[in-house]
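Q: Next one to model:
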Amino acid sequence: MLLKKLNIAATLVDHRRRKREEERERKRAFLENGGLVLEKLVASCNGRPIPIRTFSYQQLILATNNFDHRFILYESCAERIYKMYKGSFEGRILSIKVYDERDSFAKDLALMDIGISAKASAHKNILKLVGCCLETSIPSLVFEYAQNGVLADQIYISKRQGTPMLWQSRLKIARQIAHAIAYLHTGFSRPIIHRDIRQKNILLDQHDVPKLSDFSLSISIPEGETHVVTDILIGTMGFMCPSYIDTLMVTEKTDVFSFGMVLLRLLIGQHPFDYLHRSEDEYQPLKVHLSNHAMNEIVDPAILAEEGGAGLEQQLQAVRQLGLTCIEDDPEIRPTMVDVTKELRRIERSIA
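A: Residues are numbered from 1 along each chain as shown. Model (predicted):
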């Protein structure tokens, strides 16, 4: 009996010691991360830091039921750099982005995400950053909740469930995301290049309003410059501009190319042929495929089933041409995102 009591006492002492160590580690992380986040916010906001709310680690635990896997909304696939959880704070549903502590670049990615998200959150089509938790070794981010999930799950024929998204809804999403990207390019003294525009980084709220997200790979172009040359290639294959792959030079047209790929996928409703890595004997390049086939051979059948007549046909043709222009090999031929937004608005109104 005495031995049992001694074991229980030892266990309690060990538990309290671990709790004290965890508390010290959280305080250390809070101080270190607080300084880094403040520095990033000051640097990205021209010396005027934007105040954001701080959440405690205990609040994240309670909101996610100790990070229950059933609360996971999205997990970045191949690299598994972060997980997005659904959490409840004081009756409000929010999204919690938790970076993988094992990734050596995770802290840099999280800090960039915080800096750009805080700066750009004023735009209605950019996922709003509510705050962050500084008590984790890698800062965790808290965003508004996008109830309808990622765009990819809504438009890909192989993934979607229920009623297919209507063409006019797809067109509206394209125009709003184009406007958000144009805002990044033109709304600040140093243009922000997203560098990872794809369907999985476009979220939809309960009204299918699109929200551009994940600024962890973003980069700013210095004032007075038109480009920046990076040390390494970063992005998602299939969405990366060929000239960026060849030269590591990032410009506004890098995002234009990625957006063009998104626009064309909204049109065809599926993964296009991997034109960067397949020979013509196996698959025709995407541009050739879209240029040389009739609309009824490339467009999502759900769109073709809609009633729209000649007006719908004209819109589909116009979007196909715009998308192909956005993914031209020569960046100089591609339009700016401001011009893309104007053209999508014109197309949208053509049969409104």
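Q: Please, which helix or strand holds residue 66?
A: Under the criterion of DSSP states H and E, residue 66 resides outside all helices and strands.
Q: Any figure for the gap between the residue nearest the centre of the chain and residue 74?
A: Geometric centre of the chain, nearest residue: residue 201, 2.7 Å, by Cα atoms, centre = their mean. Computed as Cβ to Cβ, to the nearest Å, the residue 201 to residue 74 distance reads 10 Å. In short, each C-beta sits where N, CA and C put it, glycine included.
Q: Need the overlap of contacts for the two.
A: Overlap of the contact sets of residue 201 and residue 74 (by Cβ atoms under 8 Å, 6 or more residues apart in numbering) consists of residue 150.
Q: Surely the residue nearest to the centre of the chain and residue 215 touch.
A: No: distance between residue 201 and residue 215: 9.1 Å, which falls outside the contact criterion (Cβ atoms under 8 Å).
Q: Overlap of the contact sets of these two?
A: What both residue 201 and residue 215 touch, as defined by Cβ under 8 Å, 6+ apart, is the set residue 194.
Q: show me the contacts for residue 239.
A: Residue 239 neighbours (Cβ under 8 Å, 6+ apart): 196, 197, 198, 257, 258, 261, 262.
Q: tell me which element the first one is part of?
A: In this structure, residue 196 sits in neither a helix nor a strand according to DSSP H and E.
Q: my guess is it contacts residue 217, does it?
A: Yes: with contact defined as Cβ under 8 Å, residue 196 counts as touching residue 217 (4.6 Å).
Q: Give the residues shared as contacts by those two.
A: 234, 235.
Q: what's residue 312 in contact with, if anything?
A: By Cβ under 8 Å, 6+ apart, the neighbours of residue 312 are 167, 303, 306, 351.
Q: And residue 171, by the same measure?
A: 266, 315, 319, 344, 347, 348.
Q: for residue 321, same thing?
A: Contacts of residue 321 (Cβ under 8 Å, 6+ apart): none.
Q: and what of residue 93?
A: With Cβ under 8 Å, 6+ apart, residue 93 has these contacts: 86, 87, 145, 147.
Q: again, 6 Å this time
A: With contact set as Cβ atoms under 6 Å, 6 or more residues apart in numbering, residue 93 has these partners: residue 145.
Q: Next: residue 53.
A: Under the criterion of Cβ under 6 Å, 6+ apart, the neighbours of residue 53 are residue 131.
Q: does it have beta-bridge partners, and which?
A: The partner list for residue 53 in beta bridges (DSSP bridges) reads residue 131.
Q: From residue 206, how far out is it?
A: Taking Cβ to Cβ, one finds residue 53 at 22 Å from residue 206.
Q: Give me the buried entries from the contacts of residue 312.
A: Neighbour counting by 16 or more other Cβ atoms under 10 Å classes 167, 303 among these as buried.
Q: which stretches of the stretch 51-200 of the chain have low pLDDT?
A: Counting by pLDDT under 70, the ranges of the stretch 51-200 of the chain that qualify are 51, 77-80, 158-160.
Q: That one: strands as residue ranges?
A: For the stretch 51-200 of the chain, applying DSSP state E, counting those that start in this stretch gives strands covering 53-54, 72-75, 82-89, 92-99, 129-133, 140-144, 192-193.
Q: again with the stretch 251-352 of the chain
A: Counting by DSSP E, counting those that start in this stretch, one finds no strands in the stretch 251-352 of the chain.
Q: related to what we said a few turns ago, now for the contacts of residue 312, which pair is the farthest apart?
A: Among the contacts of residue 312, the pair separated by the greatest distance (Cβ to Cβ) is 303 and 351, at 13.5 Å.
Q: Run through the stretch 251-352 of the chain and note the low-pLDDT ranges.
A: Where the stretch 251-352 of the chain drops to pLDDT under 70, the residues are 271-285, 352.
Q: tally of neighbours for the nearest residue in space to residue 63 that is not next to it in sequence?
A: In this structure, residue 63 finds its nearest non-sequential neighbour in residue 87, 3.2 Å apart by Cβ to Cβ, 6 or more residues apart in numbering. Applying other Cβ atoms under 10 Å, we find 23 other residues in the vicinity of residue 87.
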